[in-house]
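Asker: Take this sequence and fold it.
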Amino acid sequence: MPPSPHGLSRRALVAAAGLIPFAQTLSAVEAGLIRRPIPSSGEMLPVLGIGTSRRYEVEPTPDKIAPLKEAVERFVALGGSVIDTAPSYGTAEEVLGFILPEGSLREKVFLATKVDTTGRAATRAEFDRSLTRMKVGTIDLVAVHNLIDTAENLAVLRDLKAEGKIRYVGVTVWRDGQFDGLEEVMRRETLDAIQVNYAIDNREAAARILPLAADRGQAVMVNVPFGRDRLFKAVQGKAVPDFAKGFGCATWPQFFLKYVLGHPAVTCPIPGMAKAAYVEDNLAAARGRLPDPAERKQMEAFIDAL
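Answerer: Numbering: from 1, shown residues only. Presented below is the predicted three-dimensional model:
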């Protein structure tokens, strides 16, 4: 998947917003994170996770891993649990293998990865490599990445679920052009979860995918909730509108995430969070009040007018 925009544009926005220094914000996180259920089981998850595409694809050396480890530790300490990765994300699984065994992190993390090969033997081998790379014995959720060989791969994943190696199965896409295939799979298969692209400036999933997921009882993970770099570029140099203060938005990342979370079918957006400061900023969107339908329309109008 394309990179999330946690780069120069975000840092500029954070600086422009005049945020309180990170160390001084800890008293503001005492309220718990909003949680939503996985419909197939009722298991409750915090509504914000970490996506590892690109930002966790680093050389697995102590100096490169250190800031990522700090981010994951802060994320878990503040109540987060969902971490999403994939074998196709370069070294991301291997990097998590160095981070998660530290202390009791693994037992506090809801770990998700994917399969993207064809043929039963290859898919099983890929799954086994994921276990080895991440140094784990089980994985919470495994999804068929980009609908690759969906029927065959779902059969393998269900076998693994029956063996107790995984707990949930799903499928993923990351662009609107995949929605026809996604809809067909969602209707045909019994899935615990899907992953789909959705952002305030890319709302097609709300029209087509999210209502179907609600009808089918499928959890929804959201990738690229910041619209790649489109949203940060659109608001560069602009202040968060005053009306957003009514539902607790102090920064643009919180504005974008609270919009996505305002849709009741969304279970968990997974923005990239490679620094502890980004974790703190983003998790603030998972606390307090979310925008109601009228406020979400107001948010849309504001962004559409840029």
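
Asker: quick one, strands of this protein?
Answerer: Applying DSSP state E to the chain gives strands spanning 35-37, 44-46, 50-51, 82-84, 110-115, 139-144, 166-172, 193-197, 219-223, 268-269.

Asker: highest average neighbour count across those?
Answerer: Highest mean neighbour count among those (mean count of other CB atoms under 10 Å): strand 50-51, with a mean of 29. The way it works is simple: take the backbone N, C-alpha and C, and place the C-beta from them, glycine included.

Asker: which residue of this structure sits farthest from its center?
Answerer: residue 121 (28.7 Å; CA atoms, centre = their mean).

Asker: Now do that one against residue 156, distance only.
Answerer: 9 Å (CB to CB, to the nearest Å).

Asker: do residue 173 as well
Answerer: Taking CB to CB as the measure, residue 173 and residue 156 are separated by 19 Å.

Asker: Distance of the spatially closest residue to residue 306 that is not a sequence neighbour relative to residue 282?
Answerer: In this structure, residue 306 finds its nearest non-sequential neighbour in residue 234, 4.7 Å apart by CB to CB, 6 or more residues apart in numbering. Residue 234 sits 18 Å away from residue 282, going by CB to CB.

Asker: Please identify which of those two sits among more neighbours.
Answerer: The neighbour comparison of residue 234 against residue 282 (other CB atoms under 10 Å) goes to residue 282, with 27 against 15.

Asker: thought the more buried one was touching residue 255?
Answerer: No - under the criterion of CB atoms under 8 Å, residue 282 is not in contact with residue 255, lying 11.3 Å apart.

Asker: now the helices for the chain?
Answerer: 8-17, 62-77, 92-99, 105-108, 120-134, 150-162, 179-188, 204-208, 210-216, 230-235, 252-261, 276-283, 293-304 (DSSP state H).

Asker: what comes up buried for stretch 62-70?
Answerer: By neighbour count on 16 or more other CB atoms under 10 Å, the buried set for stretch 62-70 is 65, 68, 69, 70.

Asker: For these, work out which two are farthest apart.
Answerer: Greatest spatial distance in these: 65 and 70, 9.5 Å, computed using CB to CB.

Asker: and residue 217, how far is that from residue 84?
Answerer: The spacing between residue 217 and residue 84, counted by CB to CB, is 20 Å.

Asker: and what of residue 134?
Answerer: Between residue 134 and residue 84 the distance is 12 Å, computed by CB to CB.

Asker: tell me, what's touching these two both at once?
Answerer: Common neighbours of residue 134 and residue 84, using CB atoms under 8 Å, 6 or more residues apart in numbering, are residue 113.

Asker: got a list of what residue 41 touches?
Answerer: Applying CB under 8 Å, 6+ apart to residue 41 gives the contacts 168, 192.

Asker: likewise residue 218?
Answerer: Counting by CB under 8 Å, 6+ apart, residue 218 touches 39, 40, 170, 186, 191, 192, 193, 194.

Asker: so can I have TSV of those showing pLDDT and distance to residue 111?
Answerer: Shown next, in TSV, are the contacts of residue 218 (pLDDT from 0 to 100; distance: CB to CB, whole Å):
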residue	pLDDT	distance to residue 111
39	98	20
40	98	18
170	98	13
186	98	23
191	98	18
192	98	14
193	98	13
194	99	17
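
Asker: from the residues you listed, which single one is nearest residue 48?
Answerer: residue 193 (15.4 Å).

Asker: ok, so what distance separates that closest one from residue 72?
Answerer: Distance of residue 193 to residue 72, given as CB to CB: 21 Å.

Asker: cool, and residue 140?
Answerer: 15 Å.

Asker: neighbours around the residue nearest to residue 70 when sequence neighbours are not counted, how many?
Answerer: Leaving out its chain neighbours, the residue that sits closest to residue 70 by CB to CB, 6+ apart is residue 276, at 5.0 Å. When neighbours are counted by other CB under 10 Å, residue 276 registers 20.

Asker: One more: residue 211?
Answerer: Neighbours of residue 211 using other CB under 10 Å come to 13.
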